[in-house]
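Asker: I need the structure of the sequence given here:
(2 chains)
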Amino acid sequence: MSQTITIASVYESLEHVMDPEIPVLSVIDLGMITGVELEEGAVHVKMIPTFAACPAVSYIQQRIKTVLEQELDIAVTVTVDKQAHWQSNRMTAAAKEKLQNFGIAPPQLLAGEVHAEILLAVPCPHCGSKETYLRSPFGSTLCRAIHFCKSCGQVFEQFKPLE
Amino acid sequence: MSYNAALTDLIIKMADDELIQGHRNSEWTGLGPVMEEDIAFSSMAQDKIGHAWALYRILHENLEGKDPDKFAFHRPEKDFKCSHLVEMPNEEYGFSLMRHFLFDHAEAIRYESLVDSSFEPFRMLSKKVKGELKYHTLHANAWIMQLSQAGEESYQRMQEVLNNTMALAAGIFEASPEYENILVTEKVYPGEAALYQRWLDRIYPILVKASLNLPDIKTITPAYGGRQGIHTPYLQPLLKEMGEVFNLDTEASW
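Answerer: Predicted coordinates:
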């Protein structure tokens, strides 16, 4: 080991592991990391998928391992944390801004459970108008819904709120 | 131990329903009546198969079950415990939609009840799945409403397909004669009879809003048998197609 590895340096490296479906967001931005443990000569990272059936889970686990081993020069294990489950409220404020700039409307902060009304009047990421409606709760990936903006006439995607 | 056998039985029923319904949903990929529906059924297929996988994994990790892939794709038909509802071919879109509405509300009810299960893996999984299912029921409700209000012919077809699908859907709630008591006593879940009642209470107000009449439940003979390994002629061809690639080489690594 050439350098002292701290929990903080592991988290810093994790910021370099991007989501394959939304390449502007890291696994930290998305709130996918639930714990980091330092063991002798090894790092153990615990993570959770956004949606249970997310096809990218094993790819993301592999990316975390590869990036961390490269940057920190230490053995890395990555496991799925069964004690925690992902909610859209785990996404950081910075992540929501990055999503917005990427052209995907971020999920609203959830106060309780998801209900139909929360998917109405989602601000359009292109023009900011709230004159929008939900076109379909399913989009190009499991985590996205499709909306339509009546002001600028464009279809846009939203990262769905998940309770 | 009969407790473990009872749990295993319940998990296989739930997982097989998800797997087979997921496969049926996936048959709409590329064929949906409008593009959004093509995407919706494909996404729901992905969710269902993911939920089946999570359940097979609980069997594997907590109850000494087989590897999830082998268990899913390498079993004879009689060992499947899915309900007849999910086995039925997609036929026209109206049937697929009504099945989706009835099935996903039944699932939502079931997973909501598992939040209080005495079996920890159920508690963990249900929190995740019940949130995701919100989008399935939201989707189903919206289309049931739209198509029931889209003119005379559309309304009549929706009512007809509801009448024809209720007995099949009621078959979801087929209790195991051997294990039901243990599962209810051990507080694994509230039992099929309770879930059936909650399901009726959940779908009724939505059907009323859509002006659809729920057929008289007393006159319905639920399509039982699936949970005991007795299936419709539609399951075997589906299993053959679903496992076609896997069974070319069951030891291959993907």
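Asker: OK, contacts around residue 13?
Answerer: Picking chain A for this. A:Ser13 makes contacts with A:Val67, A:Leu68, A:Glu71, A:Leu72, as judged by C-beta atoms under 8 Å, 6 or more residues apart in numbering or on different chains. The C-beta positions use only the backbone N, C-alpha and C, and glycine is treated the same way.
Asker: um, chain B though
Answerer: B:Lys13 makes contacts with B:Lys81, B:Cys82, B:Ser83, B:Arg227, as judged by C-beta under 8 Å, 6+ apart.
Asker: what does the residue sitting nearest the centre point of chain A show for phi and psi?
Answerer: With distances taken as C-alpha atoms, centre = their mean, the residue of chain A nearest its centroid is A:Leu30 (2.7 Å). Main-chain dihedrals, A:Leu30, degrees, to the nearest 10: phi -80, psi -10.
Asker: the one 3 residues further on too?
Answerer: A:Ile33 adopts backbone torsions of phi -90, psi 130, taken as degrees, to the nearest 10.
Asker: same check, this time on the one 5 residues further on
Answerer: Summarising the backbone geometry of A:Leu38 under the convention degrees, to the nearest 10, its torsions are phi -100, psi 130.
Asker: what's the local residue count around the residue in chain A that chain B sits nearest to?
Answerer: At 2.1 Å from chain B, A:Ala53 is the closest residue in chain A, using C-beta to the nearest C-beta. Neighbourhood size, A:Ala53 [other C-beta atoms under 10 Å in any protein chain shown]: 22.
Asker: with A:Gly35 instead?
Answerer: By other C-beta under 10 Å, neighbour count at A:Gly35 equals 13.
Asker: could you do B:Arg57 as well?
Answerer: B:Arg57, neighbours per other C-beta under 10 Å, totals 18.
Asker: wait, is it part of a helix?
Answerer: Yes - assessed by DSSP: H, G, I helix; E, B strand; the rest coil, B:Arg57 belongs to a helix.
Asker: which residue, other than its chain neighbours, is closest to it?
Answerer: Using C-beta to C-beta, 6 or more residues apart in numbering or on different chains and skipping residues adjacent in sequence, the residue nearest B:Arg57 is B:Pro68, 5.4 Å away.
Asker: residues contacting the one you found?
Answerer: With C-beta under 8 Å, 6+ apart, B:Pro68 has these contacts: B:Trp53, B:Tyr56, B:Arg57, B:Leu59, B:His60.
Asker: who wins for neighbours among the residues you listed?
Answerer: B:Tyr56 (24 neighbours).
Asker: quickly name whichever of the contacts of B:Lys13 is closest to chain A.
Answerer: B:Cys82 (18.3 Å).
Asker: which of the helices or strands spans the residue of chain A closest to chain B?
Answerer: Per DSSP states H and E: A:Ala53 is located in neither a helix nor a strand.
Asker: what's the pLDDT at it?
Answerer: Looking at A:Ala53, its pLDDT is 85.
Asker: apart from its neighbours in sequence, what residue is nearest it?
Answerer: Closest to A:Ala53 by C-beta to C-beta, 6+ apart is B:Gly50, at 2.1 Å.
Asker: assumed that neighbour was part of a helix.
Answerer: Yes - assignment of B:Gly50 by three-state DSSP places it within a helix.
Asker: for it, grab the count of nearby residues.
Answerer: Neighbourhood size, B:Gly50 [other C-beta under 10 Å]: 22.
Asker: check contacts around B:Arg123.
Answerer: Shown in contact with B:Arg123 (C-beta under 8 Å, 6+ apart): B:Leu114, B:Val115, B:Asp116, B:Ser117.
Asker: thinking the last one is in contact with B:Lys187, fair?
Answerer: What it means is B:Ser117. Yes - applying C-beta atoms under 8 Å as the test, B:Ser117 and B:Lys187 come out as touching, 7.1 Å apart.
Asker: so these two - more neighbours on which side?
Answerer: B:Ser117 (20 against 11).
Asker: read off the pLDDT value for the more buried one.
Answerer: As predicted, B:Ser117 sits at a pLDDT of 98.
Asker: do the same with A:Ser2
Answerer: A:Ser2 carries a pLDDT value of 51.
Asker: what's the weakest-modelled helix or strand in chain B?
Answerer: Lowest on mean pLDDT, DSSP states H and E among the helices and strands of chain B sits helix B:68-73, with a mean of 93.
Asker: what about dumping the CA coordinates of it to CSV?
Answerer: Only the C-alpha atoms of helix B:68-73 are listed here, as CSV (Å, rounded to 0.1, in the frame of the first residue of the first chain):
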residue,chain,number,x,y,z
PRO,B,68,-32.1,-18.8,-9.1
ASP,B,69,-31.4,-19.2,-12.9
LYS,B,70,-31.4,-22.9,-12.7
PHE,B,71,-34.6,-22.9,-10.6
ALA,B,72,-36.3,-20.5,-13.0
PHE,B,73,-35.4,-22.2,-16.3
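Asker: now it: buried residues?
Answerer: B:Pro68, B:Phe71, B:Ala72, B:Phe73 (16 or more other C-beta atoms under 10 Å in any protein chain shown).
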